[in-house]
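Student: sequence and predicted model, in that order:
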Amino acid sequence: MAVQLMNRKTSIIILLTMVTLAITPPSASASNWTQFHCDIEHVGYSTSSASNTGDIAWISDNIGAHHASSVTIADGRIFVYCDDYLASLDEYTGEVLWNVPVNKTPDVCGSWVTPTYNNGYVFLSANETCCFNATNGSLVWMFEPPTGMGAVDGGCTISSGMVFTSDWDGCHYYCLDEETGEELWNFTVDGKAQSTPAVSIANARVFFCSYVGICMDDGVAYCVNMTTGDEIWNFTTDNSFCGSVTIGDGVVYLPEYNFDGDGALYALYSENGTVKWTKPVERTDSTPAIAYGNVYVCGGCIGSSDLMAYCFNATNGDLLWNTSASDELGNWKCSVAVADEKVFVGKPYYKMGVMDYVGTYALDASTGEIVWSYPEGGSSPAVADGMVFTVGGGRVYCFNELFRGDVNHDGSIAAEDAVMALEMAVGSVLPNDEADMNRDGKVTSLDALMILQIAAGNSGI
Ligand SMILES: [Ca+2]
Ligand SMILES: [Ca+2]
């Protein structure tokens, strides 16, 4: 057997002496995802490429990553909310670089928050709003809301030297000085302050919402001057505004949670808060994503409603597609991410009071068809630098498309890759995923042959 393999190896090597290669790896455009739902307008869309395969690049240890939180990516680091501490991971390996304890807000329905990065610092809205040095996690300042209450679900947004944060049942949003954490203004809302504020720099406006309480109606969306905190308009719904606003072109989008039935997705004119269009969606705290002229959102609550992800025409609200209820994709705690013609969404789990995610799904952004799935992770995905990140089971997951065939990781498929795959097949070199061309979980001489065919094809032989 060994002789046979060696003979085959020898003949392949001879063949390969004539082969050169020319194939380029999938491009990974650089981009950051610096806060909840990508940026200060919460577009939930990245210009980055994103995996077409669902290949895993790394899975972190169980670091207690919060089941409903999203991660923040900047400067080669990932920032993760882990309930009673904040962790920083290496973006490319998942290795924990540092972690610091934080005071969590008393739990409300598994409340969550997403860290925010800006200019070398990372900010977290928890029982207090904190600013940490992003490099080493040292505390720079801490803001304790005068009400003594902490943030629930809403993170902070940073723009123009100002930090916008909240104190939930303290019923306030706050504007703080980014350098010192000192309060510049506060705004009292009718109900609980649960949004991550959205900022439109062009109009110097901040958008956020409030709602009265669990199983109670009435929610209000507010538009406020970002430098003075003066109200510009407000809009009241019969149900609850539990999520955050997404800023589009002259329009803001926000969905409502209805404890008694269907919620709705609203498109409001950002100038004055009047309704442009509204469509029914499953009840949700989800924040919409905007891409390709469409609005993407998901919703639903296990035990109370179907689970669904949707795509609407942003201009007129026409429903373009929705997932099947039997797929059980989407969740009231999940906000979808969009990148590279795909929509990333989670499949939730809920049993005996425990909520988590049991699947990460990539959908075709034009049709809603499933492109790939992975049976773990799923919490509000984030996309940056060609990679998709999500949380589940206390771990962070990183998906990155493998450049299959490039066994030696030099950026191209050539004869040397086939040789190395053959060495893996005979056990003289440890196998890797790049060599497993037919995805059967092992590296054999068949994989080596497939690589050789690609290399030969690329060289025109
Ligand atoms: Ca190679
Ligand atoms: Ca194989």
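Tutor: Cool, the structure landed. Ligands and ions are numbered 1, 2, ... in the order given.

Student: and residue 434, which of the three is it?
Tutor: helix (DSSP: H, G, I helix; E, B strand; the rest coil).

Student: quick check: it touching residue 401?
Tutor: No: applying CB atoms under 8 Å as the test, residue 434 and residue 401 come out as separate, 11.0 Å apart. Heads up, the C-betas are built off the backbone N, CA and C, glycines and all.

Student: can you list the residues of this structure near ligand 2?
Tutor: The chain has residues 436, 438, 440, 447 near ligand 2, with proximity defined as CB under 5 Å from the ion.

Student: tabulate these (CSV), appending distance to residue 50.
Tutor: Formatted as CSV, the residues of the chain next to ligand 2 follow (distance: CB to CB, whole Å):
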residue, distance to residue 50
436, 22
438, 24
440, 25
447, 26
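
Student: quick check on these: which are buried?
Tutor: 436, 447 (16 or more other CB atoms under 10 Å).

Student: what's near enough to touch whatever residue of the stretch 101-250 of the chain ends up closest to ligand 2?
Tutor: Going by CB to the ion, ligand 2 is nearest to residue 114 of the stretch 101-250 of the chain, at 38.6 Å. Taking CB atoms under 8 Å, 6 or more residues apart in numbering, we find residue 114 in contact with 35-36, 69-72, 81, 155, 196, 380.

Student: how about residue 252?
Tutor: With the criterion set at CB under 8 Å, 6+ apart, residue 252 makes contact with 198, 207, 221, 223, 245-246, 267-268, 270.

Student: what sits opposite it in the beta ladder?
Tutor: residue 247, residue 268 (DSSP bridges).

Student: okay, now the residue of the stretch 201-350 of the chain found nearest ligand 1: neighbour count?
Tutor: Ligand 1 sits closest to residue 340 of the stretch 201-350 of the chain, with a gap of 23.8 Å, by CB to the ion. Neighbouring residues of residue 340 were enumerated by other CB atoms under 10 Å; the total is 21.

Student: that one touches residue 50, doesn't it?
Tutor: Yes: with contact defined as CB under 8 Å, residue 340 and residue 50 form a contacting pair (4.0 Å).

Student: what ranges does the chain have for its helices?
Tutor: Under the criterion DSSP state H, the chain contains helices at 2-16, 415-425, 445-459.

Student: which elements pack onto the second one?
Tutor: For helix 415-425, the contact count by 3 or more CB pairs under 8 Å, 6 or more residues apart in numbering; DSSP states H and E identifies helix 2-16, helix 445-459 as packing neighbours.

Student: just want the residue of the stretch 251-400 of the chain that's nearest ligand 2.
Tutor: residue 372 (18.7 Å).

Student: contacting residues for that residue?
Tutor: Residue 372 neighbours (CB under 8 Å, 6+ apart): 51-54, 361-362.

Student: name only those of those residues that count as buried.
Tutor: By 16+ other CB under 10 Å, the contacts of residue 372 give 51, 53-54, 361-362 as buried.

Student: so where is the chain shaky, pLDDT-wise?
Tutor: Within the chain, the stretches with pLDDT under 70 are 1-30, 459-461.

Student: the closest residue to residue 450 other than its chain neighbours - how many residues pack around it?
Tutor: Leaving aside its chain neighbours, residue 450 sits nearest to residue 437 (4.1 Å; criterion: CB to CB, 6 or more residues apart in numbering). Residues near residue 437, counting by other CB under 10 Å, number 20.

Student: show me what residue 290 is bridged to.
Tutor: residue 295.

Student: hmm, back to that, which neighbours do residue 340 and residue 50 share?
Tutor: By CB under 8 Å, 6+ apart, the residues touching both residue 340 and residue 50 are residue 383.

Student: go ahead and confirm residue 120 touches residue 136.
Tutor: No: here residue 120 lies out of contact with residue 136, judged by CB under 8 Å, at a distance of 10.9 Å.

Student: which bits of the stretch 301-450 of the chain sit near ligand 1?
Tutor: 406, 408, 410, 417.

Student: quick one: which of those is nearest ligand 2?
Tutor: The closest of these, once distances to ligand 2 are taken by CB to the ion, is residue 417, at 13.8 Å.

Student: tell me who's in contact with residue 81.
Tutor: 65-66, 69, 112-115, 124 are the contacts of residue 81 under CB under 8 Å, 6+ apart.

Student: just residue 135 next, same as before
Tutor: Contacts of residue 135 by CB under 8 Å, 6+ apart are residue 120.

Student: before we move on, what about residue 147?
Tutor: Residue 147 neighbours (CB under 8 Å, 6+ apart): 167, 170-172.

Student: mind checking which of these are in strands?
Tutor: The strands, defined by DSSP state E, take in residue 172 from the contacts of residue 147.

Student: which of the contacts of residue 147 tops the neighbour count?
Tutor: residue 167 (28 neighbours).

Student: contacts only, for that one.
Tutor: By CB under 8 Å, 6+ apart, the neighbours of residue 167 are 145, 147, 149-151, 174, 193.

Student: in TSV, list those residues along with distance to residue 385.
Tutor: Listed next are the contacts of residue 167 as TSV, based on distance: CB to CB, whole Å:
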residue	distance to residue 385
145	35
147	39
149	37
150	32
151	28
174	32
193	33
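
Student: out of those residues, which are buried?
Tutor: With neighbours counted by 16+ other CB under 10 Å, the contacts of residue 167 contain buried members at 145, 149-151, 174, 193.

Student: just give me the neighbour total for residue 160.
Tutor: 11.

Student: you'd agree it is up against residue 226?
Tutor: Yes: with contact defined as CB under 8 Å, residue 160 reaches residue 226; the gap is 7.3 Å.

Student: now do the spatially closest residue to residue 319 that is not a sequence neighbour against residue 280, distance only.
Tutor: Once flanking residues are discounted, residue 319 sits nearest to residue 312: 5.8 Å by CB to CB, 6+ apart. Using CB to CB, to the nearest Å, residue 312 is found at 11 Å from residue 280.

Student: what's the overlap in contacts for those two?
Tutor: With CB under 8 Å, 6+ apart, residue 312 and residue 280 have common neighbours residue 265.

Student: more neighbours: the two, which one.
Tutor: residue 312 (23 against 12).

Student: wait, the more buried one sits on residue 322?
Tutor: No: Residue 312 lies out of contact with residue 322 (CB under 8 Å); the separation is 9.3 Å.

Student: identify the contacts common to these two.
Tutor: Common neighbours of residue 312 and residue 322 (CB under 8 Å, 6+ apart) do not exist.

Student: residue of the stretch 1-150 of the chain nearest ligand 2, please.
Tutor: For the stretch 1-150 of the chain, CB to the ion, closest residue to ligand 2: residue 55, 14.2 Å.

Student: ok, that residue - how many residues close by?
Tutor: Count around residue 55 with other CB under 10 Å applied: 18.

Student: who are the contact partners of it?
Tutor: 399-402, 433.

Student: same check on residue 338?
Tutor: Contacts of residue 338 (CB under 8 Å, 6+ apart): 44-46, 289, 291-292, 296, 344, 365.

Student: ok, 6 Å please
Tutor: 44-45, 289, 291, 296 (CB atoms under 6 Å, 6 or more residues apart in numbering).

Student: that'll do, ta.
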